[in-house]
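Chemist: Return a 3D structure for these sequence lines:
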Amino acid sequence: MTEYCYEYQLVCDIVRENFGEQVTEVAKFLYVAGPQSVREIRSGTKLPVEVIRKALCVLLQHQMVTFVEVVRGGSLVTQYKLLSNNVCLRLRFPQYVSQMNQQYGKQGEALMEVLLERGIVSTRQLLQEAVARSTVDAAGSVASEQVEYSAAKRAFKEMCAGGYVVRAERMVHATDVPTASKQDTAAELALLGGSSEAPAASTSPEPEKRKSKGKGKDKDKDKEHKKRKHKHDGKEKDKEKEKHPSRRRKLDEGKEVAVEPSEGLVSINTSPEMMLLSGQLGVPDAASTSVMPIPETTAPPPPQLLTETESAAFSGTVDTTHSEAAELETLWRVSFQQFLVDARKQACIALVSEKIDSTAGHIIRAMFELSRNGTESVDVNALHHALISNTTTKELSTVSLSTLQNYLEVMCKDKTQPVGRRYVPGSRDPGNLFSLNLNNMVSVLKQKMVESVIHDKFGPRSFRIFRILVLKKVLESKQICEFAMISPTETRERLYQLHSAKYIHMQEVPKSADHAPARTMYFWTVRYDETRRVVCGEVYKAISNLRARLAAELARASEAIIKYTSQCPLSELEREQIEQLQITQERIEASVIHMDDMLMRLRDF
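Modeler: Predicted structure coming up:
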């Protein structure tokens, strides 16, 4: 099994645990087949169209699926793509909630819980549910609710300013879609309105085209005949619309949906994102959890913070009489990218602190704050001012400018090169600009993670061989023996172990045409990208096994858990079983968090 097989298994388990079997079938098909339309999903899964649309609504709402409109055969078709990385991000939700609690208190924790549970939610619903969760233990008076509402509103504004919550853009209405897509969508619209066995016929039959039976007819007569027929058809259509303003088709689940005549429809009208926009389609409940329907949703747009007007409106500095209703109906979602940026920043700071010292780590932290997460150059004078004005770390207030420059020079000359010097021609001090080398630090973090896995799995001597191959690129077996100071027999055994696990690669260079082993040279090398993918696959497998073990432990103690939750008296054996289960659950969850941190560094950084 490859990395993708283990990822496929983990993605299916997560979707099944949170949303049930029907949504899992749609996610499975999208993972295997790639971007697909509703018609193709129905053909591959054999599920009713209504079920597919509801499943796509759930996945869209929780940012697990994105959609794109492509031109196919001169028409516009909506395709849906599964975001497997966003599915695996659900393993980090407890860490997101804990981080918001540390930064913004219990109001931030309640807001993040609502956002993660609902996916995309309006401002009104978000604040109401967050206040309800914050006031569970309170007395419930009007004054306390008002205080909690003000605190939640303040925390929400700070979370938006920090980039953890961003607006979800609204969908494009069907009238804005070019009319060129109407020809290809007639069959898909008939499919969406028909049963699950076969596409239904069109609700408004098209008039048959007249065929010319003779070649010697006058062309002017044909033109006049077509004009008269066009006028007659128009009158008949007007009468038809007056009698039948909308036609109805029965779907697979016995529900009726109003459908206009087929020539007046566009495929995007019946797509899940447009059904969410118009409010015609409800979102099904997730397995063991309720997913509230939302009026609209969209694919994850780039992070977008509050504008000045919105920030002023939330802070109360401007009159919100006219815009308050619109602001309360604005849709919001979680920005997973901001959490990833924070994690990468903390990992880089820890790397420099471990390699040099804590002062260098504080310098890297200040450079992150001054350079917009490490994307811009920083002047050494501004960096020195930021360090000495830092009130949280007193030891930095005595750092002189020369000491800071020495630290920067050391980091520039280090092998990892976390900091680089930037020369700007024409400036007053061309050598006083420094910038962070994020690519270098991230590559070192990934390499350290892979090497730690090899050290734990194969031992220190195999780790020594791997490190030598990373440094020397390509070596023969005899050269590896000399550099690693290991016997030839043990060296060959460890090389074959690493090769069978696909951590290193071997290349044969025969000296003769018969490829005899005695007359063949064997060169060993490390292909780092492939090695990293192998480690990612093993991490996926480990997470799946840990989750399966936890499910088995919970199933084994199901009777004792039922008695414990219903507060029934427990026997001594059942009490011990519950205590042991709690210890096992804590250890497994801690292991899953550790594995997910490894996966984040190897895949997302």
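Chemist: Downstream of the helix or strand hosting Arg467, the next helix or strand is which one?
Modeler: Using DSSP states H and E, Arg467 maps to helix 460-472. Sequence-wise, the next helix or strand downstream of helix 460-472 (DSSP H and E) is strand 474-476.
Chemist: list the buried ones in that following strand?
Modeler: For strand 474-476, a neighbour-count test (16 or more other Cβ atoms under 10 Å) marks Leu475 as buried. Yep, even glycine has a C-beta here, placed from its N, CA and C like the rest.
Chemist: Show me what counts as buried in the helix holding Arg467.
Modeler: Buried positions in helix 460-472, judged by neighbour count with 16+ other Cβ under 10 Å: Ser462, Phe463, Arg464, Ile465, Phe466, Arg467, Ile468, Leu469, Val470.
Chemist: got the phi/psi numbers for the nearest residue to Lys473 once chain neighbours are set aside?
Modeler: Using Cβ to Cβ, 6 or more residues apart in numbering and skipping residues adjacent in sequence, the residue nearest Lys473 is Thr525, 6.4 Å away. The phi/psi pair for Thr525 (degrees, to the nearest 10) reads phi -150, psi 170.
Chemist: In contact with Thr525, which residues?
Modeler: By Cβ atoms under 8 Å, 6 or more residues apart in numbering, the contact list for Thr525 reads Leu469, Lys473, Val474, Leu475, Ile504, His505, Gln507.
Chemist: now for stretch 423-432, what's the gap between its first and last residues?
Modeler: Terminal residues of stretch 423-432 are spaced 8 Å apart (Cα to Cα, to the nearest Å).
Chemist: now the strands: where do they sit in the stretch 1-150 of the chain?
Modeler: Assigned by DSSP state E, counting those that start in this stretch, the stretch 1-150 of the chain shows strands spanning 65-72, 75-82, 121-122.
Chemist: Alpha carbons only: can I get the strand or helix carrying Glu354 in CSV?
Modeler: In the assignment (DSSP H and E), Glu354 maps to helix 336-355. This file holds the C-alpha atoms of helix 336-355, laid out as CSV (Å, rounded to 0.1, in the frame of the first residue of the first chain):
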residue,chain,number,x,y,z
PHE,A,336,-7.0,27.0,8.5
GLN,A,337,-4.1,28.7,6.8
GLN,A,338,-3.6,31.1,9.7
PHE,A,339,-3.3,28.2,12.2
LEU,A,340,-0.7,26.6,9.9
VAL,A,341,1.3,29.9,9.7
ASP,A,342,1.3,30.1,13.5
ALA,A,343,2.5,26.5,13.8
ARG,A,344,5.2,27.0,11.3
LYS,A,345,6.4,30.2,13.0
GLN,A,346,6.6,28.4,16.4
ALA,A,347,8.5,25.5,14.8
CYS,A,348,11.0,27.8,13.2
ILE,A,349,11.6,29.7,16.5
ALA,A,350,12.1,26.4,18.4
LEU,A,351,14.6,25.2,15.7
VAL,A,352,16.7,28.3,16.1
SER,A,353,16.5,28.3,19.9
GLU,A,354,17.7,24.7,19.9
LYS,A,355,20.5,25.2,17.4
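Chemist: orientation of the next helix or strand after that helix relative to helix 336-355 in degrees?
Modeler: Counting by DSSP H and E, the element after helix 336-355 in chain order, helix or strand, is helix 358-370. What separates the directions of helix 358-370 and helix 336-355 is an angle of 160 degrees, with axes from the mean of the first three to the mean of the last three Cα atoms, to 10 degrees.
Chemist: helices and strands around the helix or strand that helix 358-370 is followed by, which ones?
Modeler: For helix 358-370, the succeeding helix or strand toward the C-terminus, using DSSP H and E, is strand 378-379. Applying 3 or more Cβ pairs under 8 Å, 6 or more residues apart in numbering; DSSP states H and E, we find strand 378-379 packed against strand 433-436.
Chemist: Touching the strand it packs on from outside, list them.
Modeler: Against strand 433-436 from outside (Cβ under 8 Å, 6+ apart): 348, 364, 367-368, 371, 374, 376-380, 383, 408, 412, 418-424, 427.
Chemist: Generate a ChimeraX selection restricted to the buried entries among these.
Modeler: Burial among these is assessed by 16+ other Cβ under 10 Å; the matching ChimeraX selection reads:
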select :348,364,367,368,371,374,377,378,380,383,408,418,419
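Chemist: for this structure, which spans come out with low pLDDT?
Modeler: Residues of the chain that meet the criterion pLDDT under 70 lie in 1-3, 136-143, 170-323, 373-374, 391-395, 424-431.
Chemist: contacting residues for the most centrally placed residue in the chain?
Modeler: Nearest to the geometric centre of the chain sits Asn86, at 2.4 Å (Cα atoms, centre = their mean). With contacts defined as Cβ under 8 Å, 6+ apart, the neighbours of Asn86 are His62, Gln63, Met64, Pro300, Phe336.
Chemist: These in helices, which ones?
Modeler: Within those, residues falling in helices by DSSP state H are Phe336.
Chemist: Please tabulate the contacts of Asn86 in JSON lines, including the columns neighbour count and distance to Ala516.
Modeler: Below are the contacts of Asn86 laid out as JSON lines (neighbours: other Cβ atoms under 10 Å; distance: Cβ to Cβ, whole Å):
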{"residue": "His62", "neighbour count": "28", "distance to Ala516": "59"}
{"residue": "Gln63", "neighbour count": "22", "distance to Ala516": "58"}
{"residue": "Met64", "neighbour count": "27", "distance to Ala516": "55"}
{"residue": "Pro300", "neighbour count": "20", "distance to Ala516": "57"}
{"residue": "Phe336", "neighbour count": "19", "distance to Ala516": "56"}
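Chemist: Make CSV out of the contacts of Asn86 and add distance to Glu572.
Modeler: Converted to CSV, these look like this (distance: Cβ to Cβ, whole Å):
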residue, distance to Glu572
His62, 43
Gln63, 47
Met64, 45
Pro300, 52
Phe336, 46
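Chemist: number of nearby residues for Pro510?
Modeler: Counted with other Cβ atoms under 10 Å, residues neighbouring Pro510 total 12.
Chemist: actually Gln102, not the one I wrote
Modeler: Gln102: 10 neighbours (other Cβ under 10 Å).
Chemist: same thing with Glu530?
Modeler: 14.
Chemist: Skipping its backbone neighbours, what lies nearest it in space?
Modeler: Using Cβ to Cβ, 6+ apart, the nearest residue to Glu530 is Lys502, at 7.0 Å.
Chemist: distance of that neighbour from Lys473?
Modeler: Lys502 is 18 Å from Lys473, where distance means Cβ to Cβ, to the nearest Å.
Chemist: Compare the two and say which is more crowded by neighbours.
Modeler: Using other Cβ under 10 Å as the criterion, Lys502 and Lys473 rank with Lys502 on top: 15 against 10.
Chemist: Helix, strand, or coil at the more buried one?
Modeler: Following DSSP: H, G, I helix; E, B strand; the rest coil, Lys502 is assigned to coil.
Chemist: Quick check: the gap between it and Tyr149.
Modeler: Counting by Cβ to Cβ - Lys502 and Tyr149 are separated by 56 Å.
Chemist: on that earlier part again, okay if I get the buried residues of helix 460-472 as JSON lines plus distance to Lys541?
Modeler: Putting the buried residues of helix 460-472 into JSON lines (distance: Cβ to Cβ, whole Å) gives the following:
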{"residue": "Ser462", "distance to Lys541": "20"}
{"residue": "Phe463", "distance to Lys541": "21"}
{"residue": "Arg464", "distance to Lys541": "26"}
{"residue": "Ile465", "distance to Lys541": "24"}
{"residue": "Phe466", "distance to Lys541": "21"}
{"residue": "Arg467", "distance to Lys541": "25"}
{"residue": "Ile468", "distance to Lys541": "28"}
{"residue": "Leu469", "distance to Lys541": "25"}
{"residue": "Val470", "distance to Lys541": "24"}
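Chemist: Val131: which of these is nearest?
Modeler: When the buried residues of helix 460-472 are ranked by distance to Val131 (Cβ to Cβ), Phe463 comes first, at 53.2 Å.
Chemist: does the closest one really touch Val453, like I thought?
Modeler: No. Under the criterion of Cβ atoms under 8 Å, Phe463 is not in contact with Val453, lying 9.6 Å apart.
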